[in-house]
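> Fold the following, please.
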Amino acid sequence: MAQDTAVRPDLHLHYVQACQKLGQPENPLIARVLQEADENEEIRCTKGITLKIAGNNHPVPVQRVRDDDLGALASVLSHAAFVKGLDLAYNVLTDAGAETMATFLQENSSLRYLNLTFNDLGMSGAELIARALHRNTSLVHMRMTGNKIGDQGGMFFASMLQRNSTLEKLDLGDCDLEETTVHIAQMLKNNPPLVELHLSKHEMKNFGVERLCEALQENSSLRYLDLSCNKITADGARFLGELLKHNQSLVILDLKANRIEDPGATHLSEALSLHNRTLQALSVVSCSITGKGLTALSNAIKSNMILSHIYIWGNTFDEDACMSFSELVQSGRLKPNCTDVAPFQVDGRAQLAELSHGLHREYYWAPRHRVVAHSAANASLALVAVSEYL
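A predicted model of the protein is given here:
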């Protein structure tokens, strides 16, 4: 049922009534967030809001959301079309709660963003939610990060993506997936509306990268590919380099915490120097690269004016690499907020210091007191914007 945003919402009142009807005690965290939303004067003139009911990052301990709390919350949301985002990260939801969430998703037509990061969902919960998304036509951004859904759970999501026509961003990072890469690659061949895919911590090896690259040769929609924290070596980087020579849609490639070494960096550099003119951001943080590979990447930036963001900290810098990146920053070719290193000198020699910048430094949590600009710490959000209700 649509909600007139000109009328002051009574989310908390509806929540109290729903709890009484269901015979459930109120969850203080949910109650407080709903009260704060009711008191937000801007709610009347905005297109929608996100309810941030995450269980982490509070100044004092909170009672985290449990399975039994979802019934009342779903009842409230069914009458609040102005709620476009729901953040339930770092709570204690299990497969039983997933059943309630799945029913809600099948019936809801307004929610665009759902974050279930680091709950206790397993394979059964993944199946319920994935099947619900076969029918859901509003959700564009889904985070399952950190739920141990396993390979079978990942298969349910791969299957869902062949049927769902609205989901644009899916995060399956750190979900204990090891053997689903081939199935996800097959899904990408069908060219769904997906523009952002996170496959970090998948135990992915070069074979999986090769299958992904083959699929992406036929895909023209994916713009952000996150393969961080896998087992990709120089051969995997070679496959990615070949992909970049032909792909015209990828804007961001995150290879952080793989072992591509100098040969892998050289493969990427060649593609970026001579062929690709669409990639805007590359992360090779902690990729076992030394001066030779880093210098090759710096040369790629000099010849490719589209590549505007690069993150290289955690590798082994020699004097040539330090000089190359210092020159890029000092000349203005590489803007300080678009990289994670800053130049300085010691005894007349160029050195590089780390900056807390990155594609998504606040992937797991956001600081309560900001020191670094949000846009510099989370550059990917501006480069590939999907949902405004984060």
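
> need the helices for the stretch 201-350 of the chain, in chain order.
For the stretch 201-350 of the chain, helices defined by DSSP state H, counting those that start in this stretch occupy the ranges 206-216, 234-246, 261-274, 291-303, 319-330.

> For those, could you give me CSV that also reports mean pLDDT and distance to residue 56?
From N, CA and C alone the C-beta is placed, and that goes for glycine too. Output for these, formatted as CSV (pLDDT from 0 to 100; distance: least, Cβ to Cβ, whole Å):
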stretch, mean pLDDT, distance to residue 56
helix 206-216, 95, 31
helix 234-246, 97, 33
helix 261-274, 98, 35
helix 291-303, 97, 35
helix 319-330, 97, 35
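
> Of all those, which one is nearest residue 159?
helix 206-216 (15.4 Å; Cβ to Cβ).

> Flag every buried residue along the closest one.
Within helix 206-216, the residues scored as buried using 16 or more other Cβ atoms under 10 Å are 206, 208, 209, 210, 211, 212, 213, 214, 215, 216.

> circling back: nearest approach to residue 135 belongs to which of the helices of the stretch 201-350 of the chain?
Per Cβ to Cβ, nearest to residue 135 of these: helix 206-216, 25.6 Å.

> How about residues contacting that closest one?
181-182, 184-189, 202, 222, 225, 227, 230, 232-233, 235-236, 239-240, 242-243, 247, 250 (Cβ atoms under 8 Å, 6 or more residues apart in numbering).

> same thing but 6 Å
181, 182, 185, 188, 189, 232, 235, 236, 239, 243 (Cβ atoms under 6 Å, 6 or more residues apart in numbering).

> can you tell me the average pLDDT over the helix or strand where the third one lies?
Assessed by DSSP states H and E, residue 185 sits inside helix 181-189. The average of the pLDDT scores along helix 181-189 is 88.

> starting at the chain centroid, how far to stretch 170-178?
11 Å (Cα atoms, centre = their mean, to the nearest Å).

> what does the average pLDDT come to for that stretch?
pLDDT averaged over stretch 170-178 gives 93.

> again, but for stretch 109-122
Averaging pLDDT along stretch 109-122 gives 97.

> still on that earlier bit, what is the helix holding residue 185 packed up against?
helix 150-161, helix 206-216 (3 or more Cβ pairs under 6 Å, 6 or more residues apart in numbering; DSSP states H and E).

> can you list contacts of that helix?
By Cβ under 6 Å, 6+ apart, the surrounding residues in contact with helix 181-189 are 155, 158, 161, 162, 204, 208, 211, 212, 215, 218, 219.

> quick one: buried residues of it?
181, 182, 183, 184, 185, 187, 188.

> do the same with stretch 332-351
Residues 334, 338, 339, 340, 341, 343, 350, 351 are the ones in stretch 332-351 that count as buried (16+ other Cβ under 10 Å).

> Could you count how many residues lie near the closest residue to residue 202 other than its chain neighbours?
Among residues not flanking residue 202 along the chain, residue 177 sits closest, at 5.1 Å (Cβ to Cβ, 6 or more residues apart in numbering). When counting by other Cβ atoms under 10 Å, one arrives at 26 neighbours for residue 177.

> Then the one 3 residues further on?
For residue 180, the number of neighbouring residues by other Cβ under 10 Å comes to 25.

> tell me the contacts of it?
151, 154, 155.

> Ranking by neighbours, what's the top pick from these?
Busiest of the contacts of residue 180 [other Cβ under 10 Å] is residue 154, holding 26 neighbours.

> Residue 142 versus that one, what's the distance?
13 Å (Cβ to Cβ, to the nearest Å).

> Which of the buried residues of helix 181-189 sits closest to residue 370?
Distances from residue 370 to the buried residues of helix 181-189, taken by Cβ to Cβ, are shortest for residue 184, at 34.6 Å.

> so how far is residue 278 from the closest one?
In terms of Cβ to Cβ, residue 184 sits 22 Å off from residue 278.

> re the thing from before, of all the helices and strands packed on helix 181-189, which one is nearest residue 306?
Short answer: helix 206-216, nearest of these by Cβ to Cβ, at 18.3 Å.

> Tell me what angle that closest one forms with helix 181-189.
Interaxial angle of helix 206-216 relative to helix 181-189 (axes from the mean of the first three to the mean of the last three Cα atoms, to 10 degrees): 10 degrees.

> any idea which helix or strand carries residue 31?
Element membership of residue 31 [criterion: DSSP H and E] is helix 28-39.

> for that helix, packing partners?
By 3+ Cβ pairs under 6 Å, 6+ apart, helix 28-39 packs against helix 11-22.

> try it again with 8 Å
In terms of contacts (3 or more Cβ pairs under 8 Å, 6 or more residues apart in numbering; DSSP states H and E), helix 28-39 is packed against helix 11-22, strand 49-52, helix 70-77.

> ranking the ones you listed by burial, who's on top?
helix 70-77 (a mean of 22; mean count of other Cβ atoms under 10 Å).

> hmm, back to that, and the two most separated of the contacts of helix 206-216?
Maximum distance among these (Cβ to Cβ): 21.9 Å, for 189 and 235.

> How far does stretch 333-341 stretch from one end to the other?
With Cα to Cα, to the nearest Å as the measure, stretch 333-341 spans 14 Å from end to end.

> what does that stretch contact?
285, 301-302, 308-313, 325, 328-329, 342, 352-358, 373, 375-376, 379.

> now swap in stretch 19-31 and tell me
12, 15-16, 53, 55, 62-66, 68-69, 71-73, 75.

> send the alpha carbons of it over as CSV?
Extracted in CSV, the C-alpha atoms of stretch 19-31 (Å, rounded to 0.1, in the frame of the first residue of the first chain):
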residue,chain,number,x,y,z
CYS,A,19,4.2,-6.4,18.6
GLN,A,20,1.1,-6.4,20.7
LYS,A,21,-0.9,-8.2,18.0
LEU,A,22,1.9,-10.9,17.6
GLY,A,23,2.5,-11.2,21.3
GLN,A,24,6.1,-10.3,20.8
PRO,A,25,8.2,-8.0,23.0
GLU,A,26,9.6,-4.8,21.4
ASN,A,27,13.2,-4.9,20.3
PRO,A,28,14.7,-1.6,21.7
LEU,A,29,17.0,-1.2,18.7
ILE,A,30,14.2,-1.4,16.2
ALA,A,31,12.0,0.8,18.3
